[in-house]
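Trainee: fold the following.
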Amino acid sequence: MPPADVTPATEEGERLRQVYEQDVPWRRWGPYLSERQWGTVREDYSDDGDAWASFPHNHARSRAYLWGEDGLAGISDDSQHLCFALSLWNGADPFLKERLFGLTNAEGNHGEDVKEYYYYLDNTPTHAYMKYLYKYPQAAFPYDDLVETNRKRTKDEPEYELIDTGIFDADRYFDVFVEYAKASPEDILVRITVWNRGPDEASLHLLPTLWFRNTWWIEKGTRRPLLKEVEGPPGTSVVQAAHPALGVRYLSCEGAPELLFTGNETNTERVSGTPNAAPFVKDGINDYVVSRRTAAVNPARTGTKSAAYFTLTVPAGESRTVRLRLNENPPGEAGEGDLFGSRFEEVFSTRRKEADAFYDNITPPSVGPDAANVMRQALAGMLWTKQYYFYDLDRWLRQHGSGTALDSRRPVRNSQWFHMYNADIISMPDKWEYPWYAAWDLAFHLDAFTLIDPGFAKQQLELILHERYLHPNGQIPAYEWNFSDVNPPVHAWAALFIYHVEHELFGVEDIPFLEKVFQKLLMNFTWWVNRKDRYGRNVFEGGFLGLDNIGVFDRSATIPSGGYLEQSDGTAWMALYCQNMLEIAITLAVHNPVYEELAIKFYEHFLWIASAMNRMGENQEGMWDEWDGFFYDLLHLPDGSATRLRVRTLVGLLSLCSSTVFPSEAPKKLPAFLERARTFSRNHPYLTANITSPGRPGYHGRRLLSLVNEEKLRRILSRMLDEKEFLSDYGIRSISRVHAEEPYTFILDGQEFQVEYRPGESDSNMFGGNPNWRGPIWFPMNVLIIRSLLNLYVFYGNSFTIECPTGSGRWMNLYEVSEEIKNRLERIFLRGEDGRRPVFGAASKFQEDPHWRDYILFYEYFHGDDGTGLGASHQTGWTGVIARLIQAYGYMTPERLLEPEGRQFGYRKRSTPLKAEEAPPPAPG
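Mentor: A predicted model of the protein is given here:
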């Protein structure tokens, strides 16, 4: 964990220091609830593995979850024993709004999709201050309309969104702001502010809800937790929560609302038509409020689920506030006599100012208020998207009749992963659409987390490599739908990123961390070499590699009529993996000579891969196409023939990403390594014939390992920077735009396969038909390209220039090219001269309404021509790296990158805070 000087000199930084150095539990409570537990693999007990149909949204209010909990603007402890979230009712909906609604994979014309508007407005690494906004219509929520209209739409039509139903047209909705502030690690203040944005007075039923996750199903006969009403100070209502593991907590509610109690038990009568085993069930509070069934809640005022029932009448344009407090001390005891007095508001004011100071400290002075607001909301989204993830595969597989690891009886999803036991706080891609960790997404999350909590970034990387996750054979689990699928091997890159940023910003060299992850990465690297290099020729298949439908075929399935793919991206990923492992080994070898042997191993392996990828000539058919000046996948057919699949995609651009620069002094510290590397290169000159020679000195004597030499680099960049191909106004597209007019067609055994440029949503059913890599802009790949351009700039210096955009007559060095791409990515979120943000597309309310326009959504990907946000609307998981780009280019300069000491990022520590006039404007409400 980072020492004291790693954290910024702010109060929030001091709390982080206490977390890591003194084990003060500031992060015990946080936003760890999922936003969708229904429809997940964990909750699937079907025979056919259709998780969406097995546990639909319609069951969620009545059926107890087995593996986790979801909620609206919710929090829990870090083992998710006790949960707190909102329930709302507008008096018109058929049931309480307890969780976010969205379409299943089968219902949406472009796959699953949340159909709500909610925003992560603020958060700090210890969750000492958090703010969330939910927009709740005053008319009946259009559940049926959303399902039926989307179901009727084709894949060539856009998704039908909640804003399209017209339900917000007259501003008849509530803005529900939820804020949390910690007076201490165990004293959590809650403030809920409800604004009526409509023209008339309106009523809202507000039910802050406290409940226990149902864990008693696991160990039958164990002592159950209990919620009960206890006496509190005058003018308050108090729920006592007693849990065998967590201890006792008290939820105090200002205003003495009615307290309702039921059990977190399945209503089997409603779900399956069988009698209930318990008298009070999960949807009891729903039935009491919506159906006025007084017998649905426990008159004894005890249970495992409870809600404080407020009815708020809010005049037009005004607000009403509800205050609550969750802590360990019985209300009325010493120090707790004034639960909601002036001290309550002082804590909120202080924590908000501390959050401002924390973000001011990491925001460069040159960053304007709009960009600072984007950066802060991106990081808030990263922090809100933490989730407690519980999944005991051995227990789950047994429940599914799969037998044991030694005696597997029937094929069940993930049946090779009996060893896995997950019970941790993990950074999720999107807590509604992807409420489960994804291995390569996580690596990009850490890029952003190093800005605000490098200790958490390290924890996440160590976690995914822990023996409870990593397969005994060395494979990193992909995601719960198929842990055995293959994601790009970017975790060594993430480890190096964390190490270098920490070193440059804080002067800390965390060698033990680097050494620990290196040992586990060795296992994973060996798995790749043994499993994904079919014939030991140093070319790799990989399969899916997270790129969904980018290819001609489904790359996770068998090729039609047989054969196999040598994947340009799979091989480039492995070249990058080699480079990263080499860099780690060299870094460690300076401290411990034993790592020199591994350094030479990875040096040699990289050259073998580079040579295999750059094979030339008819008899050495490779992925490089000299005619086109581009890399392509190579299809081998059963008759022994091979052909390049000439569709220009990110698959071919990945060769740029495999570039690593070594300072001139680095090899000198390891003379034995240097001599062996020179000898190997001399003895195998053909390995470096088509790449930049590792012995060639660059700027300040630096050395470069890259898949491409200068000539190939220019040819690839000329395509990438061509606005008719890859370069969009908003970043690098995933497929060349040339395929809009010239779709790539491949005929195999009389069957036609076609790939065309699709700037928006996909028309392909591969991987559920939701993700689309056939044209849109994806942040992770753009980040890797930018990182590579900076690396190449450090090697070539200002002597290498390229026309950008191609054909424009403007020549730039590689730093300027990287900054140009960064500016285009940033443009997606920033207000243009016309006041509009491209991310919001044509949605006028998002663009113009003061209660919408400054709340940013960080989508999964973006339209390749106009920058509109598409896919998952809250995938701050990897789109949140926009915060890193804003921050990095605010501090970085080309001069600092080229300094002789060989800085990786050209950072300098923040010296001055934002001036008052530069501060972001306060959010409406």
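Trainee: what's the following helix or strand after the helix or strand of the chain with the lowest mean pLDDT?
Mentor: Every helix and strand in the chain was compared by mean pLDDT, DSSP states H and E; the lowest is strand 407-408, with a mean of 65. Next in sequence after strand 407-408, counting helices and strands by DSSP states H and E, comes strand 421-427.
Trainee: quick one, what contacts the spatially closest residue to Trp67 that is not a sequence neighbour?
Mentor: Nearest residue to Trp67 in three dimensions, chain neighbours excluded: Arg42, at 3.9 Å (C-beta to C-beta, 6 or more residues apart in numbering). Every C-beta, even on glycine, is put in place using the N, C-alpha and C of the backbone. Listed by C-beta atoms under 8 Å, 6 or more residues apart in numbering, the contact set of Arg42 reads 66-68, 390-391, 396, 436, 480.
Trainee: in what helix or strand does Arg42 lie?
Mentor: Arg42 belongs to no helix or strand, assigned by DSSP H and E.
Trainee: what does the one 10 residues further on give?
Mentor: According to DSSP H and E, Trp52 maps onto helix 51-54.
Trainee: would you mark the buried spots in that helix?
Mentor: Judged by neighbour count using 16 or more other C-beta atoms under 10 Å, the buried positions of helix 51-54 are 51-52, 54.
Trainee: quick one: average confidence on that helix?
Mentor: Taken as a whole, helix 51-54 has a mean pLDDT of 95.
Trainee: contact partners of that helix?
Mentor: By C-beta under 8 Å, 6+ apart, helix 51-54 touches 39-41, 43-46, 104-106, 112, 481.
Trainee: tell me the gap between it and the middle of its chain.
Mentor: Distance of helix 51-54 from its chain centroid, counting by C-alpha atoms, centre = their mean, to the nearest Å, is 23 Å.
Trainee: what are the buried residues along the helix or strand following that helix?
Mentor: The element immediately downstream of helix 51-54 (helix or strand, assigned by DSSP H and E) is helix 57-60. Buried residues in helix 57-60, counted by 16+ other C-beta under 10 Å: 57, 59-60.
Trainee: check stretch 497-510 too.
Mentor: Those buried within stretch 497-510 under the rule 16+ other C-beta under 10 Å are 497-506, 508, 510.
Trainee: what about the longest helix in this protein?
Mentor: helix 568-591 (DSSP state H).
Trainee: and the buried residues of helix 51-54, which is closest to Ser272?
Mentor: Using C-beta to C-beta, Ser54 comes nearest to Ser272 of these, at 12.4 Å.
Trainee: ok, back up a step: in strands, which of the contacts of Arg42 fall?
Mentor: Those of those mapping onto strands are 390-391, per DSSP state E.
Trainee: quick one: buried ones out of the contacts of Arg42?
Mentor: Here, 16+ other C-beta under 10 Å leaves 66-68, 390-391, 396, 436, 480 buried among those.
Trainee: at which residues are the strands of the stretch 151-300 of the chain located?
Mentor: Along the stretch 151-300 of the chain, counting by DSSP state E, counting those that start in this stretch, strands occupy 173-184, 187-196, 202-212, 226-230, 236-243, 247-254, 258-262.
Trainee: I misspoke; the intended subject was the stretch 301-450 of the chain.
Mentor: Taking DSSP E, counting those that start in this stretch to define them, one finds strands in the stretch 301-450 of the chain at 302-303, 305-314, 319-327, 386-392, 403-404, 407-408, 421-427.
Trainee: Throw those into JSON lines and include distance to Phe846, thanks.
Mentor: Shown next, in JSON lines, are those (distance: least, C-beta to C-beta, whole Å):
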{"stretch": "strand 302-303", "distance to Phe846": "41"}
{"stretch": "strand 305-314", "distance to Phe846": "24"}
{"stretch": "strand 319-327", "distance to Phe846": "22"}
{"stretch": "strand 386-392", "distance to Phe846": "26"}
{"stretch": "strand 403-404", "distance to Phe846": "52"}
{"stretch": "strand 407-408", "distance to Phe846": "50"}
{"stretch": "strand 421-427", "distance to Phe846": "27"}
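Trainee: any idea which of these scores lowest on pLDDT?
Mentor: Minimum mean pLDDT among the strands of the stretch 301-450 of the chain: strand 407-408, a mean of 65.
Trainee: thinking again about what came up before, which of the contacts of helix 51-54 sit farthest apart?
Mentor: For these, and using C-beta to C-beta, no pair is farther apart than Tyr45 and Glu112, which are 19.6 Å apart.
Trainee: circling back: for the buried ones among the contacts of Arg42, work out which two are farthest apart.
Mentor: Leu66 and Trp436 (14.8 Å).
Trainee: can you pull the phi/psi pair for the closest residue to Pro759 other than its chain neighbours?
Mentor: Counting by C-beta to C-beta, 6+ apart, Gly864 is the residue found nearest to Pro759 once chain neighbours are left out, at 3.6 Å. When read as degrees, to the nearest 10, the backbone of Gly864 gives phi -70, psi -10.
Trainee: wait, isn't Gly864 in contact with Ile777?
Mentor: Yes. Counting by C-beta atoms under 8 Å, Ile777 is a contact partner of Gly864 at 5.8 Å.
Trainee: what do those two both touch?
Mentor: With C-beta under 8 Å, 6+ apart, Gly864 and Ile777 have common neighbours 728, 730, 733-734.
Trainee: so which of those belong to strands?
Mentor: Ser728.
Trainee: pull the most distant pair out of the shared contacts of Gly864 and Ile777.
Mentor: Tyr730 and Ser734 (12.2 Å).
Trainee: which neighbours do these two have in common?
Mentor: Common neighbours of Tyr730 and Ser734 are listed as 777, 864 (criterion: C-beta under 8 Å, 6+ apart).
Trainee: quick one, helices of the stretch 401-550 of the chain?
Mentor: 439-452, 454-464, 491-506, 511-532 (DSSP state H, counting those that start in this stretch).
Trainee: what would these look like in CSV with distance to Pro743 and mean pLDDT?
Mentor: As requested, these are exported to CSV (distance: least, C-beta to C-beta, whole Å; pLDDT from 0 to 100):
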stretch, distance to Pro743, mean pLDDT
helix 439-452, 28, 95
helix 454-464, 38, 97
helix 491-506, 33, 92
helix 511-532, 30, 97
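Trainee: closest to Gln579 out of those?
Mentor: Per C-beta to C-beta, nearest to Gln579 of the helices of the stretch 401-550 of the chain: helix 491-506, 8.7 Å.
Trainee: show me what that closest one is packed up against.
Mentor: helix 439-452, helix 454-464, helix 511-532, helix 568-591 (3 or more C-beta pairs under 8 Å, 6 or more residues apart in numbering; DSSP states H and E).
Trainee: would you reformat those as a markdown table and include mean neighbour count and distance to Pro638?
Mentor: Below are the helices and strands packed on helix 491-506 laid out as a markdown table (neighbours: other C-beta atoms under 10 Å; distance: least, C-beta to C-beta, whole Å):
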| stretch | mean neighbour count | distance to Pro638 |
| --- | --- | --- |
| helix 439-452 | 25 | 31 |
| helix 454-464 | 23 | 37 |
| helix 511-532 | 17 | 20 |
| helix 568-591 | 25 | 21 |
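Trainee: redo the ones you listed as JSON lines? Include distance to Phe662.
Mentor: Formatted as JSON lines, the helices and strands packed on helix 491-506 follow (distance: least, C-beta to C-beta, whole Å):
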{"stretch": "helix 439-452", "distance to Phe662": "22"}
{"stretch": "helix 454-464", "distance to Phe662": "23"}
{"stretch": "helix 511-532", "distance to Phe662": "16"}
{"stretch": "helix 568-591", "distance to Phe662": "7"}
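Trainee: out of these, which is closest to Ala423?
Mentor: Of the helices and strands packed on helix 491-506, nearest to Ala423 by C-beta to C-beta is helix 454-464, at 10.8 Å.
Trainee: now find how far off-centre the closest one is within its chain.
Mentor: The answer for helix 454-464 is 14 Å, by C-alpha atoms, centre = their mean.
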